[in-house]
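Novice: no FASTA, just this:
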């Protein structure tokens, strides 16, 4: 069908000669507009200047030595113009000059076709040789990498086929509605040529645009053809393709654009066609080979920074608004306890490590802790408004809370104080009467004023890097002063064995050692007879 349409277009094209001549004449005609009159004036002036004969310099002696006779100089004489005319070529030379621009692309296409056929025929042998080259110890890793690359490239090729088919269908329908002949042909050609990014699209638009200039008497349909293609190409090439390919190939949209420029500069049109598959293979290489992991970070679509690192970085930059936005986005999909355990407490831990190393100056340290306290004052209410199920759980059946008070105290510094406030908030949301206290140099004196009883629970909050040393000291002092009071020690973010860690505490030990706020809430409501680790 496409071949017959092409033949029919070639047959009918001479019939449009009159329309083509009119449009060429309209473009070349100066017209009656101001611009046309100005162009005509400039052209007339140029002709007048060209018609003035150049001055002839007088001879030195007014004589000519030709044949020994005196000859009078002719004032109107001008030098003769010399024009070099090439010898007209024959038909063979004309055909050669016409075919020369197409020979190199055809040669490249032939090489690609031959190599592709051999690669397809010998792909099992090539795969086994690759395994042998990598080593028998890496068979599992290379199998996973090849399967991953195969799936990603296959998804990309399928999506490219669907996107180009939809583009060609919409383009053909639009041309049919405009009234351009052989609209189906141009839609199919556009879908095929878009396999070559950017360049193929321009060629696909040029063919129907030139035909519309020849077919129609007025300028409306050619303009409509151009607008139709421009809208489809802008939406598809700049929004649909980067977003769709980025999601299903694992490559970020910006990396796809940069990779297209790189491979096109390296290999030309062939690089344009292969840019996305090659980038996917490079991404898989960075994912499975540790030495090239930076490629996975640079090209992948995964979040470059986790939420806790992003919040800490934004607060270091004193951008409280964006840090709060990160917390709000996380809170839309997670509970308040998960936000505290997985985001804010790790951010506090990063700040503590930098503070103890001396890498955190006083201004940023103060801003960081103040911003964290402000977020803690607002996040619980936002959580209950955004998650009705949390509000229902807070007002639902209550666990067996202790009959006395729950006292949350920091082990040493301001970061411990903020984490103690988090635990107090979660207990209050669950219906438990909890108290949270700031850092006090004389914490024992404060506890003597409170006089904890056997019905009360003391929760010690501590953060790395010196969590155990401060928690052990404070726990031993409290146990010696209040032997009947239940003590829960929270070492937030500890990843080791809590049973072994609890044995590091001097006797008499605390009842519970927990590593997260969720576990601390369970430990507060658990009976004292329970095992001494959670």
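Specialist: Perfect, I can see it now. None of the values given here were measured: they were computed from a predicted structure.

Novice: only C-alpha atoms for contact and neighbour calcs from this point on.
Specialist: Noted.

Novice: Outside of stretch 144-153 itself, list whatever touches it.
Specialist: The contact list for stretch 144-153 (C-alpha atoms under 8 Å, 6 or more residues apart in numbering) reads 248, 249, 250, 277, 280, 281, 284, 285, 288.

Novice: Filter those residues down to just the ones in helices.
Specialist: Assignment to helices by DSSP state H places the following of the contacts of stretch 144-153 there: 248, 249, 277, 280, 281, 284, 285, 288.

Novice: Can you give me the neighbour number for the last one?
Specialist: Okay, so that is residue 288. Per other C-alpha atoms under 10 Å, the neighbour tally for residue 288 reads 16.

Novice: Tell me which helix or strand residue 408 sits in.
Specialist: Using DSSP states H and E, the element containing residue 408 is strand 406-410.

Novice: pLDDT averaged over that strand, what's the number?
Specialist: Mean pLDDT, computed over strand 406-410, is 91.

Novice: I'd like to know how far residue 418 sits from residue 411.
Specialist: Distance from residue 418 to residue 411, counting by C-alpha to C-alpha, to the nearest Å: 11 Å.

Novice: So for these two, which residue has more residues nearby?
Specialist: The residue with more neighbours, out of residue 418 and residue 411, is residue 411; 31 against 27, by other C-alpha under 10 Å.

Novice: Residue 469 is in contact with the more buried one, correct?
Specialist: No: judged on C-alpha atoms under 8 Å, residue 411 makes no contact with residue 469 at a distance of 9.4 Å.

Novice: ok, for residue 155, nearest residue in space, not its chain neighbours?
Specialist: Leaving aside its sequence neighbours, residue 155 sits nearest to residue 248 (C-alpha to C-alpha, 6 or more residues apart in numbering; 6.6 Å).

Novice: By neighbours, which of the contacts of stretch 144-153 wins?
Specialist: When these are compared by neighbour count (other C-alpha under 10 Å), residue 284 ends up highest, at 27 neighbours.

Novice: ok, now which ones touch that residue?
Specialist: Residue 284 touches 145, 148, 149, 296, counting by C-alpha under 8 Å, 6+ apart.

Novice: how about 10 Å then?
Specialist: Contacts for residue 284 (C-alpha atoms under 10 Å, 6 or more residues apart in numbering) come out as 144-150, 152, 250-251, 278, 292-293, 295-296, 299-300.

Novice: for this protein, what's the longest helix?
Specialist: In the chain, with assignment by DSSP H, the single longest helix is helix 139-178.

Novice: tell me the mean pLDDT for it?
Specialist: Averaging pLDDT along helix 139-178 yields 89.

Novice: For it, what is the distance to the chain centroid?
Specialist: With C-alpha atoms, centre = their mean, to the nearest Å as the basis, helix 139-178 stands 19 Å off its chain's centre.

Novice: What residues sit buried inside that helix?
Specialist: Neighbour-count burial for helix 139-178 flags 142, 145, 148-150, 152-153, 156-157, 159-161, 163-165, 167-176, 178 (criterion: 16 or more other C-alpha atoms under 10 Å).

Novice: same thing with stretch 450-458?
Specialist: 452, 456, 457, 458.

Novice: One more: stretch 229-244?
Specialist: 229, 233, 236, 237, 241, 242, 243, 244.

Novice: And residue 134, how far from residue 415?
Specialist: 49 Å.

Novice: Which one's more surrounded, the two?
Specialist: Neighbour count, other C-alpha under 10 Å: between residue 134 and residue 415, residue 415 has more, with 23 against 13.

Novice: Give me the residue ranges of the stretch 301-450 of the chain where confidence is low.
Specialist: Low-confidence segments of the stretch 301-450 of the chain (pLDDT under 70): 303, 382-398.

Novice: OK, contacts around the closest residue to residue 141 other than its chain neighbours?
Specialist: Spatially, and ignoring its direct neighbours in sequence, residue 141 is nearest to residue 288 (7.1 Å; C-alpha to C-alpha, 6+ apart). For residue 288, the contacting residues are 141, 142, 144, 145, 148, 296, by C-alpha under 10 Å, 6+ apart.

Novice: Show me the helices in the stretch 1-150 of the chain, by range?
Specialist: Using DSSP state H, counting those that start in this stretch, the helices of the stretch 1-150 of the chain run over 2-12, 17-28, 34-51, 91-121, 123-134, 139-178.

Novice: same deal with the stretch 301-450 of the chain?
Specialist: Under DSSP H, counting those that start in this stretch, the stretch 301-450 of the chain gives helices at 307-316, 320-333, 336-339, 345-357, 362-386, 388-394, 414-429, 443-450.

Novice: Could you export these as a markdown table, including distance to residue 202?
Specialist: Formatted as a markdown table, those follow (distance: least, C-alpha to C-alpha, whole Å):
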| stretch | distance to residue 202 |
| --- | --- |
| helix 307-316 | 42 |
| helix 320-333 | 41 |
| helix 336-339 | 50 |
| helix 345-357 | 50 |
| helix 362-386 | 49 |
| helix 388-394 | 53 |
| helix 414-429 | 59 |
| helix 443-450 | 76 |
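
Novice: got the angle for the longest helix of the chain vs helix 123-134?
Specialist: Using axes from the mean of the first three to the mean of the last three C-alpha atoms, to 10 degrees, the direction of helix 139-178 lies 140 degrees away from that of helix 123-134.

Novice: And for residue 111, the neighbour number?
Specialist: Neighbour count for residue 111, taken as other C-alpha under 10 Å: 12.

Novice: just to revisit the earlier point, rebuild the buried residues of stretch 450-458 as a markdown table, extending it with pLDDT and secondary structure.
Specialist: Shown next, in a markdown table, are these (pLDDT from 0 to 100; DSSP: H, G, I helix; E, B strand; the rest coil):
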| residue | pLDDT | secondary structure |
| --- | --- | --- |
| 452 | 86 | coil |
| 456 | 89 | coil |
| 457 | 91 | strand |
| 458 | 91 | strand |
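
Novice: Between the residues you listed, which sits nearest residue 500?
Specialist: In terms of C-alpha to C-alpha, no member of the buried residues of stretch 450-458 lies closer to residue 500 than residue 458, at 21.7 Å.

Novice: dump the residue contacts of the closest one.
Specialist: 405-409, 434-435, 447, 452, 475, 478, 485-489, 510, 524.

Novice: ok, now residue 237?
Specialist: Contact analysis of residue 237 by C-alpha under 10 Å, 6+ apart lists 163, 197, 198, 201, 231, 243.

Novice: can you tell me which of those are in strands?
Specialist: Applying DSSP state E to the contacts of residue 237, no entry is found in strands.

Novice: and the residues you listed, which two are the farthest apart?
Specialist: Distance extremes for these: the farthest pair is 201 and 243 at 18.7 Å, using C-alpha to C-alpha.

Novice: Mind pulling up the pLDDT for residue 89?
Specialist: pLDDT recorded at residue 89 is 53.

Novice: what does residue 224 give?
Specialist: Looking at residue 224, its pLDDT stands at 92.

Novice: My guess is it contacts residue 171. True?
Specialist: No: contact criterion C-alpha atoms under 10 Å: residue 224 and residue 171 do not qualify, at 11.6 Å.

Novice: hmm, back to that, hey, what's in contact with both of residue 411 and residue 469?
Specialist: Shared contacts of residue 411 and residue 469 (C-alpha under 10 Å, 6+ apart): residue 462.
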